[in-house]
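Undergrad: Have a look; sequence and predicted model below, questions after that.
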Amino acid sequence: MNWSRQRNGLVRGLLLSLTLIAMAACAAAQQKKPPAPAPSTSATKPLIAPKPAEVKPHEAPKTESKPAEAPKHEAKPATGATSGATHPGSTAEGKTGTSTTPHTSGVRTGGTPNPKTNGTASAAKPVGERVYAEPVVVARPGGGKSVTTASGHTTSFNPEGKRISLETKGGSKANFDHHGYIKSIHTRSGMTINHGAHGERHIESHGPDGGRIVGLGRGRGYVEHGYTRAGHPYVRRTYFSNGHSYAYAYRGYYWHGHPYYVYVPPYYYGRSYYGWVSDPWATPIAFDWGWGSAPWYGSYGYYFAPSPFYDSPSLWLTDYLMAANLQAAYEARAQANAAAAAADAAAAAGPATITPEMKQLIAEEVRAQIGAEKAAADNPEPDAPANSAPTSGGKNGPDEVPAALGPFLKTFLVSTVLSEPMADGTECSLSPGDIITRIQDTPDANQSVMVVMVSSQRNDCAVGTQVAVPVTDLQNMHNDFRAKLSEGLGKLAENQGRNGIPSGPPADSKPNPNGQAQPDSTVEAALKAQQVEASQAESDVQQASIVIPDGDD
């Protein structure tokens, strides 16, 4: 019995010792434990943030269930906390944890104010916020507006809200068509870039040596340099196309103090041959040009088709001229415009836009020019040595009316891309193969005359549209017409007695000394450098272009 009591006493003593040890360990653990976290809001009333002065970092909010008060001690704020801001890895109360609230200034959204800011929010803007200056809008005389961005680029709109021009901070000016596409760019350096409606690009600039450089797209174009013959100004144009170069000569004249240049044929044909090509054939003929599988022909099938029969050499030469212009335009198209070319080809089955009546207008010009060349061949200018020194820029000789303003030359076959202004301030394009008629004889202050569109391709100036075209551009159209006519006369001579063409006298061509010119060996490099500069100018304008939010773009 005594042993039983002693055993029970030992057990009670052991249990009491273990209990005392456990209580001591628990107390020590609580000394190291941080204050108890606030109970879940699902079991408490909504928290009401106390006034900033009453907030104590070491106190937890009280709940209805009144849990046992946590041991009082001084809880140190999280290391690295800064005044007025919260950071990932720390709560707003300074306790270790994970915060899912975005970084803000002074206060956490949806929580209590940061005690270290005394309840006041920081005045600093959120990190990363950018400030944009409002565009400056100014009314334009006659209606419309001009909008200048903070970057210094100014876009102008007509009264209908159509964008008509853009002037960049760098000094370039771009003009737009009715649909908002860039039609022309004029740079501070003096370069002019015209965009055709089908991907063509016409570029004009001056090289380091002062020579004029004209790019016609995809590595094609010419470089022009001046020289003299017998005291008369001339220019030599070295053309580059498909890896080959050749040169033509142009004689300079003046009209009311303004210079212009006229094509000088490198050779003339015999009198009998000129007479044969001036007269109609006894019987109309059919001729197979062999264009059926040519990509350019399919692309322009909606616009041009050769005549089924030819009753004269002049009509045959008309189709040759028009095909030569369209083929050159196709070669000048940008590769990125393949979709537009495919769309044109899909429309080839429809009727051609150029009517027999329009072709007859061109055929009349062909006959007139053949007569003029026959007269020039009968009375050639005396041969004179060329002086490689450029002209001084002074006026030489009396005024002579340009052929482009002559009383009998009214119809022109467009041979290069042009962008011309319309009445609403926008621009429209003229493309190689379009047909225009001059309706004014006297140039305006800008040395331009009004023309009307007789035939035009898709997205060019619409038929019936009147635009002002510089006299120099009309003269260049006539020069190109004459150059291609000389080539066509040679092709016609080669086809005598073949493919239905009747036989005639031999061409009997003879060189014209004043029309001879040696190609410039630098033409390819000059055209490549120009293309690089033009592409950079186009990129700068595209980046500077703006779109107005209200849709007036």
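TA: Noted; the coordinates are in hand.

Undergrad: all contacts plus neighbour counts: C-alpha atoms, from now on.
TA: Will do.

Undergrad: and the protein, what are its domains?
TA: Residue ranges for each domain of the chain read 136-201, 266-516, as given by automatic domain parsing.

Undergrad: Pick out the shakiest of the ones you listed, pLDDT-wise.
TA: Note on those: domain 266-516 shows the lowest mean pLDDT, a mean of 88.

Undergrad: thinking again about what came up before, the domains of the chain: which one's closest to residue 525?
TA: For the domains of the chain, the distance to residue 525 is smallest for domain 136-201, at 17.0 Å, taking CA to CA.

Undergrad: so how far does that closest one reach from one end to the other?
TA: This stretch, domain 136-201, spans 33 Å end to end (CA to CA, to the nearest Å).

Undergrad: Need the contact partners of the helix or strand encompassing residue 223.
TA: Element membership of residue 223, judged by DSSP states H and E, is strand 220-229. With contacts defined as CA atoms under 8 Å, 6 or more residues apart in numbering, strand 220-229 is touched by 210-215, 233-242, 332, 384-391, 520, 523, 526-527.

Undergrad: quick one, the following helix or strand past it and strand 220-229 angle?
TA: Downstream of strand 220-229, the next assigned helix or strand under DSSP H and E is strand 232-241. Here strand 232-241 runs at an angle of 160 degrees relative to strand 220-229 (axes from the mean of the first three to the mean of the last three CA atoms, to 10 degrees).

Undergrad: Output the contacting helices and strands for strand 232-241.
TA: With contacts taken as 3 or more CA pairs under 8 Å, 6 or more residues apart in numbering; DSSP states H and E, strand 232-241 sits against strand 220-229, strand 244-255, helix 523-544.

Undergrad: what comes up buried for the last one?
TA: When you say that, I think you mean helix 523-544. 523, 524, 526, 527, 530, 531, 534, 537, 538, 541, 544 (16 or more other CA atoms under 10 Å).

Undergrad: okay, that helix in PDB with CA atoms only?
TA: Extracted in PDB, the C-alpha atoms of helix 523-544 (Å, rounded to 0.1, in the frame of the first residue of the first chain):
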ATOM      1  CA  VAL A 523      24.600  57.600-113.400                       C
ATOM      2  CA  GLU A 524      24.000  54.300-111.600                       C
ATOM      3  CA  ALA A 525      25.800  55.400-108.400                       C
ATOM      4  CA  ALA A 526      24.000  58.700-108.400                       C
ATOM      5  CA  LEU A 527      20.600  57.100-108.800                       C
ATOM      6  CA  LYS A 528      21.300  54.600-105.900                       C
ATOM      7  CA  ALA A 529      22.400  57.400-103.600                       C
ATOM      8  CA  GLN A 530      19.200  59.400-104.500                       C
ATOM      9  CA  GLN A 531      17.000  56.400-103.700                       C
ATOM     10  CA  VAL A 532      18.600  56.100-100.200                       C
ATOM     11  CA  GLU A 533      18.000  59.700 -99.500                       C
ATOM     12  CA  ALA A 534      14.400  59.600-100.800                       C
ATOM     13  CA  SER A 535      13.600  56.500 -98.700                       C
ATOM     14  CA  GLN A 536      14.800  58.200 -95.600                       C
ATOM     15  CA  ALA A 537      12.800  61.300 -96.300                       C
ATOM     16  CA  GLU A 538       9.700  59.200 -96.800                       C
ATOM     17  CA  SER A 539      10.300  57.400 -93.500                       C
ATOM     18  CA  ASP A 540      10.700  60.800 -91.700                       C
ATOM     19  CA  VAL A 541       7.400  62.000 -93.100                       C
ATOM     20  CA  GLN A 542       5.600  58.800 -92.200                       C
ATOM     21  CA  GLN A 543       6.800  59.100 -88.600                       C
ATOM     22  CA  ALA A 544       5.800  62.700 -88.400                       C
END
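
Undergrad: which stretches of the stretch 351-500 of the chain form helices?
TA: Taking DSSP state H, counting those that start in this stretch, the helices of the stretch 351-500 of the chain run over residues 356-378, 471-494.

Undergrad: Could you export the ones you listed as JSON lines, including mean neighbour count?
TA: Shown next, in JSON lines, are the helices of the stretch 351-500 of the chain (neighbours: other CA atoms under 10 Å):
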{"stretch": "helix 356-378", "mean neighbour count": "16"}
{"stretch": "helix 471-494", "mean neighbour count": "19"}
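
Undergrad: Switch these over to a markdown table; also include distance to residue 417.
TA: Shown next, in a markdown table, are the helices of the stretch 351-500 of the chain (distance: least, CA to CA, whole Å):
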| stretch | distance to residue 417 |
| --- | --- |
| helix 356-378 | 19 |
| helix 471-494 | 10 |
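
Undergrad: Which of those helices sits closest to residue 294?
TA: Residue 294 sits nearest to helix 471-494 of all those, at 18.5 Å, using CA to CA.

Undergrad: which stretches of the stretch 151-300 of the chain form strands?
TA: 154-157, 163-167, 173-176, 182-186, 192-195, 201-206, 212-217, 220-229, 232-241, 244-255, 258-264, 267-268 (DSSP state E, counting those that start in this stretch).

Undergrad: Direction included, what does the last one pair up with?
TA: Looking at strand 267-268 with DSSP bridges, its paired strands and their directions are strand 510-511 (antiparallel).

Undergrad: who's in contact with the strand it pairs with?
TA: Taking CA under 8 Å, 6+ apart as the rule, strand 510-511 contacts 266, 267, 268, 269, 270.

Undergrad: Distance check, residue 482 against residue 321.
TA: 10 Å.

Undergrad: typo on my end, it should be residue 209
TA: For residue 209, the distance to residue 321 - CA to CA - is 34 Å.

Undergrad: the more surrounded of those two?
TA: Neighbour count, other CA atoms under 10 Å: between residue 209 and residue 321, residue 321 has more, with 25 against 7.

Undergrad: Please name the nearest non-neighbouring residue to the more buried one.
TA: residue 484 (6.3 Å; CA to CA, 6 or more residues apart in numbering).

Undergrad: same deal with residue 135?
TA: The shortest distance from residue 135 to any non-neighbouring residue, by CA to CA, 6+ apart, is to residue 149 (4.6 Å).
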